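# How does the following fold in three dimensions:
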Amino acid sequence: MRLHGVDFSGASEPGESIWLATAEPTDDGIEVTACRSAREAFCATGRDEVLDALRSFPGDGDVLGVDASFGLPRPVLPDRVAASDDWREAPRWVAEEYAEADALAAQADWKDRARESDADGVELKRRTDGPTGANSPYSFITRYGTFHAMRDLLAPLLGSVSVPPMAPDGDGPTLIEVYPAATLRDLGLPDRKYKDPSDPRARGRRERILAGLREWGVTLPDSFEERVLDDSGGDALDSLVAAAATARAVESGFAVEGGRYDPVEGYIYV
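Residues are numbered from 1 along each chain as shown. So this is what the prediction gives:
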C-alpha cells in the first residue's frame, strides 16, 4: 500500500500548484518516496490533462488524501440528494447540473440555494467544516477546488474507488478528504503564515512544521527537505501534511467523530 497526499488546486493551469507526496507506511509513521508538482509527476500543466492523470494515478490498494472539499452543505443540495443520505449523489449532481458551467456560476447558484433555504447565512459550512476550522466549500478561497474536485475528480471515479466514510465499499484505490491546516493544529504546529513569499519569517515556520512532522514520524531524504522548504507557496509542504493526515486516517481504520459527520456532506480526516 502506498499513501499519497495531494495539495489540490482548481486553477486553470494547476501544474505547479497541485503537489503530490507519496509515502510508504512504517512502524512509526511514513517514509516519503516522492514529493513533486503535478507538472513533474504527469508532464502536464493544463487542468484537464492534470486531473485526467490524477484520476488514474493511484493504484489498487493505494490511499489518496486530497486537500479539497468532497461535498456541499446539506441545505445547498437538491431535496432529492439531501433526502438520499447518499454522498455519491452530490458529486453526481454537480457533474450533471454544471456540466457546461464554471466554478463561478456554480458558486453563485449555491449561494442562491442557501438564501432560499432555512439556513442562516449564504456561505454555509458542512458539519465537518466548523470543528476543523475549514471554510465554506464555496467561499472565494475554496470555490474552484471544491467545484473541480467534485465534478472532475470524484464524479468520474464513483464506483471505481472507495471514499470513506461515505462510500467505503468501492473497488480500487481509496480517496479521502483531508485538510492540512486542521492536521497541523492537531499536531500543535503552526497552521498560518508559512506560505507568504514576502514574509521573511515564513521559511522559519516551514522549518518548524517540517521538524514537527519528523517528530510525528515522517522521514524523507535531505533533497526533499530542501525542496519543501524552498517552496515559498507552501504547496509542497501541504502535500506532506496531507500524506501524514492520510496515514493517520489509515491507522485509525478511517474512524469518524460522529458529531462532525453528515453522510451526504462528506468528512474531513485530521
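
# for the protein, what's the longest helix?
helix 235-251 (DSSP state H).

# Could you check how far it is from the centre of its chain?
10 Å (CA atoms, centre = their mean, to the nearest Å).

# The chain: helices as residue ranges?
38-42, 47-55, 79-84, 89-97, 103-116, 129-132, 143-148, 180-186, 202-216, 222-230, 235-251.

# Surely residue 165 touches residue 268?
No - if you go by CB atoms under 8 Å, residue 165 and residue 268 don't touch, sitting 10.9 Å apart. In this view, the C-beta of every residue, glycine as well, is placed from N, C-alpha and C.

# Those two - which one has more neighbours?
Neighbours per residue, other CB atoms under 10 Å: of residue 165 and residue 268, the larger number sits with residue 268, 26 against 16.

# any idea how far that one is from residue 125?
11 Å (CB to CB, to the nearest Å).

# Which residues are in contact with each of the two?
Residues touching both residue 268 and residue 125 (CB atoms under 8 Å, 6 or more residues apart in numbering): residue 134.

# so who does the residue most central in space within the chain touch?
Taking CA atoms, centre = their mean as the criterion, residue 67 is the residue nearest the geometric centre of the chain, at 1.7 Å. Taking CB under 8 Å, 6+ apart as the criterion, residue 67 is in contact with 5-8, 145, 178-180, 238, 242.

# Please indicate which of those residues are buried?
Among the contacts of residue 67, those scoring as buried are 5-8, 145, 178-180, 238, 242 (criterion: 16 or more other CB atoms under 10 Å).

# ok, which pair from the residues you listed is furthest apart?
Within the buried ones among the contacts of residue 67, 5 and 145 form the most distant pair, 14.9 Å apart (CB to CB).

# quick one, what contacts residue 263?
Here residue 263 is in contact with 85-87, 165-166 (criterion: CB under 8 Å, 6+ apart).

# can you tell me which of the buried ones among the contacts of residue 67 lies nearest to residue 198?
The closest of the buried ones among the contacts of residue 67, once distances to residue 198 are taken by CB to CB, is residue 238, at 18.5 Å.

# Contact partners for that closest one?
5, 7, 19, 67, 180.

# closest to residue 153 among the contacts of residue 67?
residue 8 (7.9 Å).

# Surely the closest one and residue 64 touch.
No - with contacts counted by CB under 8 Å, residue 8 stays clear of residue 64, the gap being 10.3 Å.

# what's the closest of the contacts of residue 238 to residue 155?
When the contacts of residue 238 are compared against residue 155 (criterion: CB to CB), the nearest one is residue 67, at 18.2 Å.

# now that closest one: how far from residue 145?
Residue 67 is 8 Å from residue 145, by CB to CB.

# Overlap in contacts, the two.
If you check residue 67 and residue 145 against CB under 8 Å, 6+ apart, the residues they both contact are residue 8.

# Might you report the residue contacts of residue 119?
73, 75.

# Would you mind measuring from it to residue 82?
On the measure of CB to CB, residue 119 and residue 82 end up 12 Å apart.

# what touches both of these two?
residue 75.

# distance between the lowest-mean-pLDDT helix or strand in the chain and the chain's centre?
Scoring the helices and strands of the chain by mean pLDDT, DSSP states H and E places helix 222-230 at the bottom, with a mean of 94. Relative to the chain's own centre, helix 222-230 is displaced by 22 Å; criterion: CA atoms, centre = their mean.

# Remind me what it packs against, helices and strands.
strand 29-37, helix 202-216, helix 235-251 (3 or more CB pairs under 8 Å, 6 or more residues apart in numbering; DSSP states H and E).

# Show me what counts as buried in it.
224-225, 227-229.

# Same list (these) but as a markdown table, adding distance to residue 160.
Listed next are those as a markdown table, based on distance: CB to CB, whole Å:
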| residue | distance to residue 160 |
| --- | --- |
| 224 | 31 |
| 225 | 35 |
| 227 | 32 |
| 228 | 32 |
| 229 | 37 |
